[in-house]
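Q: Dropping the sequence and predicted coords here.
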Amino acid sequence: MGFEPDFSVAAPATYPGVLRARIRRCRLPTGSLVFCCETKEDQVRAIGLDVHRDFCEVAVVEHGEVTSAGRIETTPAALELFAGSLGPDDRVALEVTGNAWEIARLIEPHVERVLVVSPSDTGIRQARAKTDRLDARALAKLLASGSLDSLWMPDESTRALRRRLARRSHLVRARTRAKNEIHACLIRRLVTRPKLSDLFGLAGRQWLSELELPVEERETLDSCMRQIEFLDEEVVEVERVIALEALRSAEVRRLMSVPGVNVICASAFLAAVGDIRRFKGQRQLVGYLGLDPRVRQSGTAPASHGHISRQGSAPARHALVEASWSAVRQPGPLRAFYERIRVRRGHQVAIVASARKLACLFWCLLTREEDYAYAQPSLTRKKLRRLELRAGAPKGRSSPASGQQTTRCEGPSRSWRARESRPTSAPSPTGSPWRSAGRARTRHRDAHLKADLTASSATRHQSQTLRFSSSSTTPTRNLAQEVLIDKRT
């Protein structure tokens with residue numbers, strides 16, 4: 001006998017290795033029993049959208065076949081008409097871009113799921129041939145195979161907070177450019193800066209208006225000053241809206257109990273993270289913010305750790321690092337952690353590590369719904385009162401959120417806290433408001449001293465590591481605090 005192949009030479013329709021779509025096309029005898037082998041996954045359509053400013057390229061995967069469906073305009077009417085033609089079991093994928101969230105909001109009620117994916121996770125950027133049609137087909141194929149991970153879609157309040165913070169950042173950068181242009185103008189004319197703490201304060205602006213400059217330089221300086229005045233008003237207005245939203249949020253007030261954290265840092269963190277309950281632990285949160293180190297390991301060699309990954313929200317990382325510079329100057333475990341890392345690795349590595357530890361602290365505070373154990377009550381009340389004033393609260397009135405009651409003296413522009421326990425009819429022992437202001441400063445200094453003693457006693461009885469776990473102990477009153485209270489009474 002001759003050579004016999006070890007594979008079947010039957011017709012393609014009867015060969016077991018042929019695709020099912022090829023088998024379904026074969027004619028069957030009339031009256032034969034047919035078993036339906038299609039599953040729900042075979043009936044679900046996967047739709048890929050390559051989004052542009054004026055149109056979207058559409059591709060559809062149905063029954064394992066990829067087809068291009070042309071283009072649709074990115075107008076609300078066209079998108080609503082397109083969404084109405086989709087089925088309730090369809091899935092849609094599109095890459096994140098400027099108008100992707102609004103497109104996803106319009107399509108989401110009509111389909112099973114809308115996935116907004118990151119371009120870095122699809123691999124389309126590294127494709128050899130890259131066109132709108134091929135990108136849409138690649139998205140549809142990846143969606144049909146289940147290889148796409150969707151980004152978290154923020155709710156309307158989080159989206160509005162992100163937009164306000166981004167607008168404030170743009171305004172501040174524009175104001176900084178105008179100020180730098182004024183500095184460059186003074187450098188060109190060899191003008192020495194005056195001995196002022198703020199060149200753009202009241203005294204500094206008066207000095208700039210009286211400065212003798214050539215005509216073209218004076219025009220530049222006046223134009224920049226008009227821009228700065230306009231941008232100052234816009235920044236104040238945006239911060240007023242942010243402060244109003246922060247006063248209604250218990251999470252923002254809880255994060256502001258940490259020394260060094262202001263309303264911008266707390267709002268930027270919550271805008272980037274959203275619902276803290278979607279993170280199972282601190283490690284997931286740190287990786288989401290891009291504060292985890294890069295890891296390289298191959299073969300039998302040990303793993304090496306590099307710089308941080310820088311994934312996620314850059315404004316949130318910037319806010320955490322800026323807040324860490326202030327937090328490490330206050331007494332507490334964050335300062336001890338920073339000093340321990342700074343001795344071994346330097347201040348730059350130490351401040352980034354402190355920002356990572358601050359993010360872990362935020363996770364603990366929000367998940368446990370507790371305030372910071374090492375908070376300074378007087379400093380927290382000051383921050384809340386400043387937040388109320390920024391939101392438009394009248395000056396010199398009681399503030400229920402901060403727990404303060406301020407009094408404005410007639411002469412100098414100073415304010416101090418009035419003791420509620422003192423009878424209103426009893427006059428001041430000295431009859432001078434400056435003595436009351438001195439007592440307020442003394443109470444503020446005693447509060448800081450009390451916090452220092454608490455931190456030092458805690459570090460003597462505990463290890464130098466941060467205790468953010470459920471087994472961590474809350475600082476209690478010790479002998480040094482009792483002596484301090486006895487001296488004050």
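A: Cool, the structure landed. Numbering: from 1, shown residues only.
Q: What helix or strand is Val61 located in?
A: strand 55-62 (DSSP states H and E).
Q: Asp50 now?
A: Secondary structure assignment for Asp50, by DSSP H and E: strand 46-51.
Q: Partner strands of the strand holding Val61 and their direction?
A: Taking DSSP bridges as the criterion, strand 55-62 forms sheet pairs with strand 46-51 (antiparallel), strand 65-73 (antiparallel).
Q: Pull the distance from it to the chain's centre.
A: Distance of strand 55-62 from its chain centroid, counting by C-alpha atoms, centre = their mean, to the nearest Å, is 32 Å.
Q: And stretch 121-130, by the same measure?
A: Centre to centre, stretch against its chain (C-alpha atoms, centre = their mean), the figure for stretch 121-130 is 28 Å.
Q: now swap in stretch 260-277 and tell me
A: Distance, centroid of stretch 260-277 to centroid of chain: 6 Å (C-alpha atoms, centre = their mean).
Q: do the same with stretch 366-374
A: Centroid separation between stretch 366-374 and its chain, computed with C-alpha atoms, centre = their mean, is 19 Å.
Q: May I see the buried residues of that stretch?
A: 366, 371-374 (16 or more other C-beta atoms under 10 Å). C-beta here means a position set from N, CA and C on the backbone, and glycine is covered the same way.
Q: Adding pLDDT, distance to Ala355 and secondary structure as columns, could you present these in a markdown table?
A: Putting these into a markdown table (pLDDT from 0 to 100; distance: C-beta to C-beta, whole Å; DSSP: H, G, I helix; E, B strand; the rest coil) gives the following:
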| residue | pLDDT | distance to Ala355 | secondary structure |
| --- | --- | --- | --- |
| Leu366 | 96 | 17 | helix |
| Asp371 | 92 | 20 | coil |
| Tyr372 | 94 | 16 | coil |
| Ala373 | 92 | 20 | coil |
| Tyr374 | 92 | 17 | coil |
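Q: coming back round to it: tell me which residues are up against the strand holding Val61.
A: 45-50, 66-74, 82, 94, 103, 132-133, 135-137, 139-141, 143-144 (C-beta atoms under 8 Å, 6 or more residues apart in numbering).
Q: And the average pLDDT for it is what?
A: The pLDDT scores in strand 55-62 average 94.
Q: Same question for stretch 158-173.
A: Mean predicted lDDT for stretch 158-173 stands at 95.
Q: now swap in stretch 206-224 and tell me
A: 95.
Q: Kindly check the end-to-end length of it for me.
A: 15 Å (C-alpha to C-alpha, to the nearest Å).
Q: quick one: buried residues of that stretch?
A: Of all the residues in stretch 206-224, those buried under the rule 16+ other C-beta under 10 Å are 208, 213, 217, 220-221, 224.
Q: picking that back up, between the strands paired with strand 55-62, which gets nearest to Arg167?
A: Closest to Arg167 of the strands paired with strand 55-62 is strand 46-51 (C-beta to C-beta; 23.0 Å).
Q: Now do the closest one: everything it contacts.
A: So strand 46-51 is contacted by 56-62, 74, 86, 90-95, 97, 99-100, 103, 132-133, 135-144 (C-beta under 8 Å, 6+ apart).
Q: List only buried entries from these.
A: 56-62, 74, 86, 90-95, 100, 103, 132, 135-144.
Q: which stretches of this protein form strands?
A: Using DSSP state E, the strands of the chain run over 46-51, 55-62, 65-73, 91-95, 113-117, 293-296, 304-308, 398-399, 404-408, 415-417.
Q: could you give the angle of the second one to strand 91-95?
A: Strand 55-62 runs at 140 degrees relative to strand 91-95, counting by axes from the mean of the first three to the mean of the last three C-alpha atoms, to 10 degrees.
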